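*Asks:* Here is my input; please provide its structure:
(chains A and B)
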Amino acid sequence: GAVVSQHPSWVICKSGTSVKIECRSLDFQATTMFWYRQFPKQSLMLMATSNEGSKATYEQGVEKDKFLINHASLTLSTLTVTSAHPEDSSFYICSATRPKGGSSYEQYFGPGTRLTVT
Amino acid sequence: GDSVTQMEGPVTLSEEAFLTINCTYTATGYPSLFWYVQYPGEGLQLLLKATKADDKGSNKGFEATYRKETTSFHLEKGSVQVSDSAVYFCALTYTGNQFYFGTGTSLTVIP
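*Replies:* Predicted coordinates for the structure are as follows:
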């Protein structure tokens, strides 16, 4: 089946530094990738929608200058948390869309990246 | 708008007990419905899905039936195991592209 990977799986960084998280679709070309953030014991909050070769679409309340998304190819999207602060500590999950034909798709989720900002 | 409402947890059951996790949805159209499972420290895994009314999704002993008349997609399992301890998310989508998730229900199964 289709696989989506994320790297790193966990990262600890100091406050004020930037962290890049990669999301890759390993065996298919993803037309769209999504980035979610999950707070402890809460659901996934959609942060942004990323299409290859175009600017990401951010959800209301998500700072686009803080969470930089680059969808460089059909198999890679990156999320960079700039000038990270402890409140950015969270579990970040990406998902990738594989077209099934017509207007239907399959969605595959990555394993997540645990970010801790100290 | 479209949304998903799940029963609040956490849910604690003894091994071999019957499980029901309620999920209801509000939709402007005719979505597909999903249950995802998240084990500790991991991402989401698709558990089962149903694409139209009266469809039953099933996997690993879990079942859920798409009930249009009650706008529900309750998750059930006849006999839970310790290994079923996880967080379960109900979700809907129209095209499989954008998903709307419920808040998740944490399940703990004790031996």
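
*Asks:* Which single residue of chain B ends up nearest chain A?
*Replies:* Here the residue of chain B nearest chain A is B:G96; by CB to the nearest CB that distance is 3.6 Å. Quick note: C-beta positions are derived from backbone N, CA and C, even for glycine.

*Asks:* Touching, that residue and A:Y108? I think so.
*Replies:* No: the criterion here is CB atoms under 8 Å, and B:G96 misses it with A:Y108 at 10.2 Å.

*Asks:* And chain A, is the worst-scoring helix or strand of chain B on mean pLDDT touching that?
*Replies:* Within chain B, judged by mean pLDDT, DSSP states H and E, the helix or strand with the poorest mean is strand B:99-101; its value is a mean of 87. Yes: judged by CB under 8 Å from any CB of the partner chain, strand B:99-101 comes into contact with chain A at B:99, B:101.

*Asks:* Can you tell me which helices and strands that strand packs against?
*Replies:* strand B:3-6, strand B:86-93 (3 or more CB pairs under 8 Å, 6 or more residues apart in numbering or on different chains; DSSP states H and E).

*Asks:* 6 Å instead, please
*Replies:* If contacts are counted by 3 or more CB pairs under 6 Å, 6 or more residues apart in numbering or on different chains; DSSP states H and E, strand B:99-101 sits against strand B:86-93.

*Asks:* Adjacent strands (with direction) for the strand it packs on?
*Replies:* strand B:32-38 (antiparallel), strand B:99-101 (antiparallel), strand B:105-110 (antiparallel) (DSSP bridges).

*Asks:* and the longest one, average pLDDT?
*Replies:* Along strand B:32-38, the predicted confidence averages to a pLDDT of 94.

*Asks:* Name the residues that touch that strand?
*Replies:* Identification of contacts with strand B:32-38 by CB atoms under 6 Å, 6 or more residues apart in numbering or on different chains yields B:44-51, B:64, B:66, B:73, B:75, B:86-93.

*Asks:* Go ahead and build a PyMOL selection from the buried members of those.
*Replies:* Burial among the contacts of strand B:32-38 is assessed by 16 or more other CB atoms under 10 Å in any protein chain shown; the matching PyMOL selection reads:
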select buried, chain B and resi 44+46+47+48+49+50+64+66+73+75+86+87+88+89+90+91+92+93
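
*Asks:* Run a quick neighbour tally on A:T113.
*Replies:* For A:T113, the neighbour count with other CB atoms under 10 Å in any protein chain shown is 23.

*Asks:* What separation is there between it and B:Q81?
*Replies:* 29 Å (CB to CB, to the nearest Å).

*Asks:* all strands for chain A, in order.
*Replies:* Ranges of strands in chain A, per DSSP state E, are A:4-7, A:10-13, A:19-25, A:32-38, A:44-51, A:57-58, A:67-73, A:76-81, A:90-101, A:104-109, A:113-117.

*Asks:* The ones you listed: which one's closest to chain B?
*Replies:* That would be strand A:104-109 among the strands of chain A, by CB to the nearest CB, at 3.6 Å.

*Asks:* got the residues of chain A near chain B?
*Replies:* By CB under 6 Å from any CB of the partner chain, the residues of chain A that approach chain B are A:43-44, A:93, A:97, A:103-107, A:109-112.

*Asks:* Narrow those to those that are buried.
*Replies:* Buried subset of the residues of chain A next to chain B (neighbour count, 16+ other CB under 10 Å): A:43-44, A:93, A:97, A:105, A:107, A:109-112.
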